[in-house]
Structures are given as C-alpha cells and as structure tokens.
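In: What follows is a predicted protein model with its sequence.
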Amino acid sequence: MTGKRTVVPAFTMTGLLPHARLVGVPTWRICMSLLTSHGTVRADAHAPWDCSAVDGLLARFLADKEQASGGPEIAMFVELLEGFLSGGKRLRPLLCYYGWQAAGGHGGTNAVTHLGAALELFHAGVLIHDDVMDDSDVRRGRPTVHRRLAGSHARHASPDRFGVNVAILLGDLALCWSYDLLQVAELATPRAGTLRALLDAMRMQAMTGQYLDVLATGSSAIAVEEALAICRAKTARYTVEYPLLAGAHLAGADQGMLAACSAYGVPLGEAFQLRDDLLGVFGEPGTTGKSDLDDLRDGKHTVLLAIARQRADSVQAGALRALIGNPGLDRTGAQDIRDILVATGARDAVEDMIDQRRMRALAALDGFPFPAAAAASLRHLADMATRRDH
C-alpha cells in the first residue's frame, strides 16, 4: 500500500505486526510447497497456478477498503488482516483453481481468482474465531490475533477481554468482506444461483461443524464414528470438497464432474484433517507453527484420541482421563499421552485411515475422465496434503 497511514493512538500498531505486509510477501510459496516433496517449489505442468494472483488481489482489495473508509479504525483492521493473511498454505484457492480447470475452465482467470480470494478471506475469518473459541496462543508460528491485541494493549482496563472482542470483530469483517469478492465470480457465470447456494451450504457446514466441536470438547469420551463426523463437518468438506466444487461450478461442470469432485474431495478432506490431528500432538511446533499441547489441554475429541480411549486398558484409560483436558498439562504429561497413543496403536490406526482415504481420492481420479493436467495436479496434491509435516 502507498501513502501515509494514520493510526488512532489507542490502537497503535507499533510492535503488533512485526511481519511483512501482505504486499510483496511470497505467500504463494507456502501454497506451492504442497505441490512438492520436501517443501521445494515446482514449476512444471503439475503446478500451473502459483497463487500469487490471489495474494495480489487480496492486497488490492484491502487497500481499496482502507482508502474507501478514510478512517483509522478500518486501517487497523486492514493491517491486522494483512498480517494474518501473510501466512497459510492457500490450499482452498488452489483447489478452487483445479476444480475450475478440471471442469474445462480456460482463458482469463479473473473470476476464479476472485473466488479463490473469497474462500481464503472466509477461511481467515473462521480461523480467527476458532482461535478465540479454543483460547489458542499460537497460529502459524506467531501469537494469535487476540493474544497480539491483548499484548499491545496492556494498559487497557481488561487487555484479554479487549483482544478477544476485537478479534471477534476482525473475524466478522473478514467473513463479510469475503462476500464482496464473490460478486465478480458470480457475474462471470450464468450459474450464479447454484454457486451461491453451494457456498451457502459450505458456510453452514463449517459453522455446524464448529458447533459440534465446541459441544464435544470437554465432554465425556465419544465414539470414533462421532469424532470422524465432527472432523468431516468442521473441516474435511470445507477444506477440500467445497473449494473444488466451487471452481467446477464456476466453469459450468455437469453432474458427473461434480460427483467426481466430491468422490475425490470428501476422503481427501478427511485425510487432511486426520493428518492435522496427528501433527497437533506429534508435530514439531517450529515446523507446524502451532502448539503441540493445545488439543490435549482442550480435550479435543479427535479420531486419534477416540481410538486410543477405545483400545486403552484400565491403566491407560485412567491416565488418559487424568491428563486429557487438563489445562495445566505439562510436557511430561503430554509425553505420557503420546506414549499411550503409540502403545494402543492409535497413531498407526490413524496413519492407516489417512492412507485408505488418500487411495480412495486417487481412485476417484482414475474412475472419471478428468483432463490430464488437472488429474496430475490433483494426484500430486493428494500425496502432498496427506504426507506433510506442517
């Protein structure tokens, strides 16, 4: 962005966002790392879209919002969103593009870029709210929005409450602005009504899943199938299936293509979330960018923990009851949980579930005549999304 930024003294951003602004930040490299082995960037036919168009569009969009408002309050929100958006895998815009490509999309990419950017901004709003609900400290290797706000307003009468309230407002704003970006995509397709209905279903699915997650957290143990249903509702479909379907709708896909996208997207989305669950417990925080204690302290009802509870003997079950959901859980207790997850075979069982779902997604590609370039991209993405370490 250009020009001098005016900031309300009470909302000073000094020291709040030490990271680079969205403009010029190569976040597409994070997106593209999903299409490589060992985190390196490909530039071949499997990766025809580098996501930098989405970053550029988001930067211009936020600059326009700031300029149109003329007020320092919106400038503050814009800067917070820029900082938050400077990380992330850009998985949803990428899948949106691949859905568009698979359904025969070609030529100008303005509409699919707007659609991908809208999905990314919606995702940002959901994550900001999710961090508030989970009382998380870290997201993408940095303090979460509400923690950063509280830290930068230590002299406020209630810094923590201030941070939570402003983060909720920021998430609301991101969700609202995602609708603005959709207008360009909707104008580009004669099937705007069906695209709008699909995205409405995606939003409802995400919010329903979030509710089920909150409802289950801290409650008594639930069955594996219930945990998998929460995984499917909260993240799996909204992460992979819906972005893929949205891009396909934009290109005018027929019912056969849409069904094939779902057959690929649902199992891959579940596998993606199951991998996230493993990384949330066994991952290296310096690589994943998030705590390896939060899920355990919160008593999240993941499939991983549900299997461990199901298979545990009486001693192991007692330890899990005492440790999981304890907000004061330390690293020694967390390691005890990990040892039980390995000893009961829960970790290996989830790895097997990931493998099975990856194979189902790949089988869907073999069972439908996807264009060769799209099929190659989706095949590689399935491998990288399920075998990642972040």
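Out: Yep, that arrived. Numbers count the residues shown, from 1 in each chain.

In: G299 is in contact with T217, isn't it?
Out: Yes - contact criterion CB atoms under 8 Å: G299 and T217 qualify, at 5.8 Å. Placement of C-beta: from N, CA and C, glycine included.

In: So for those two, which sits in the more crowded spot?
Out: Neighbour tally, G299 and T217, criterion other CB atoms under 10 Å: the higher count belongs to G299, 20 against 16.

In: for that one, phi and psi?
Out: Note on G299: backbone dihedrals following degrees, to the nearest 10 are phi 70, psi 40.

In: three-state assignment of the closest residue in space to it that isn't next to it in sequence?
Out: Distance criterion CB to CB, 6 or more residues apart in numbering; nearest residue to G299, sequence neighbours excluded, is G325 at 2.9 Å. What DSSP: H, G, I helix; E, B strand; the rest coil gives for G325 is coil.

In: which other helices and strands contact the helix or strand harbouring A385?
Out: Using DSSP states H and E, A385 falls within helix 372-386. Counting by 3 or more CB pairs under 8 Å, 6 or more residues apart in numbering; DSSP states H and E, the packing neighbours recorded for helix 372-386 are helix 91-102, helix 255-282, helix 346-366.

In: Let's see that helix as PDB, backbone CA atoms only.
Out: What follows is helix 372-386, C-alpha atoms only, in PDB (Å, rounded to 0.1, in the frame of the first residue of the first chain):
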ATOM      1  CA  ALA A 372      -4.800 -35.000 -17.800                       C
ATOM      2  CA  ALA A 373      -3.300 -31.800 -16.400                       C
ATOM      3  CA  ALA A 374      -6.000 -31.500 -13.700                       C
ATOM      4  CA  ALA A 375      -5.700 -35.100 -12.800                       C
ATOM      5  CA  ALA A 376      -1.900 -34.900 -12.400                       C
ATOM      6  CA  SER A 377      -2.200 -31.800 -10.200                       C
ATOM      7  CA  LEU A 378      -4.900 -33.400  -8.000                       C
ATOM      8  CA  ARG A 379      -2.900 -36.600  -7.700                       C
ATOM      9  CA  HIS A 380       0.200 -34.800  -6.600                       C
ATOM     10  CA  LEU A 381      -1.800 -32.600  -4.200                       C
ATOM     11  CA  ALA A 382      -3.400 -35.700  -2.600                       C
ATOM     12  CA  ASP A 383       0.100 -37.100  -1.900                       C
ATOM     13  CA  MET A 384       1.500 -33.800  -0.500                       C
ATOM     14  CA  ALA A 385      -1.500 -32.900   1.600                       C
ATOM     15  CA  THR A 386      -1.600 -36.200   3.400                       C
END
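
In: Just the angle for it relative to helix 346-366, thanks.
Out: Relative orientation of helix 372-386 versus helix 346-366 (axes from the mean of the first three to the mean of the last three CA atoms, to 10 degrees): 180 degrees.

In: State the mean pLDDT of helix 372-386.
Out: Helix 372-386 shows a mean pLDDT of 92.

In: ok, and for it, which residues are buried?
Out: Across helix 372-386, burial judged by 16 or more other CB atoms under 10 Å covers A374, A375, A376, S377, L378, R379, H380, L381, A382, M384, A385, T386.

In: Also compute the angle for it relative to helix 255-282, please.
Out: Going by the same axes, to 10 degrees, helix 372-386 makes 20 degrees with helix 255-282.

In: and the angle for helix 372-386 with helix 91-102?
Out: Using the same axes, to 10 degrees: helix 372-386 against helix 91-102 is 160 degrees.

In: Correct me if wrong: the residue nearest to G299 contacts R297.
Out: Yes - look at G325 against R297 with CB under 8 Å: they come within range, at 7.3 Å.

In: returning to what we had before: most tightly surrounded among the helices and strands packed on helix 372-386?
Out: Among the helices and strands packed on helix 372-386, the stretch with the highest mean neighbour count (mean count of other CB atoms under 10 Å) is helix 91-102, at a mean of 28.

In: Show residues contacting it.
Out: 31, 34, 48-49, 51, 54, 109, 112-113, 115-117, 119-120, 123, 239-240, 243-251, 253, 257, 261, 265, 370-371, 373-375, 377-378, 381, 385 (CB atoms under 8 Å, 6 or more residues apart in numbering).

In: And those, which of them are buried?
Out: Buried among those (16+ other CB under 10 Å): 31, 34, 49, 51, 54, 109, 112-113, 115-117, 119-120, 123, 239-240, 243-251, 253, 257, 261, 265, 370, 374-375, 377-378, 381, 385.
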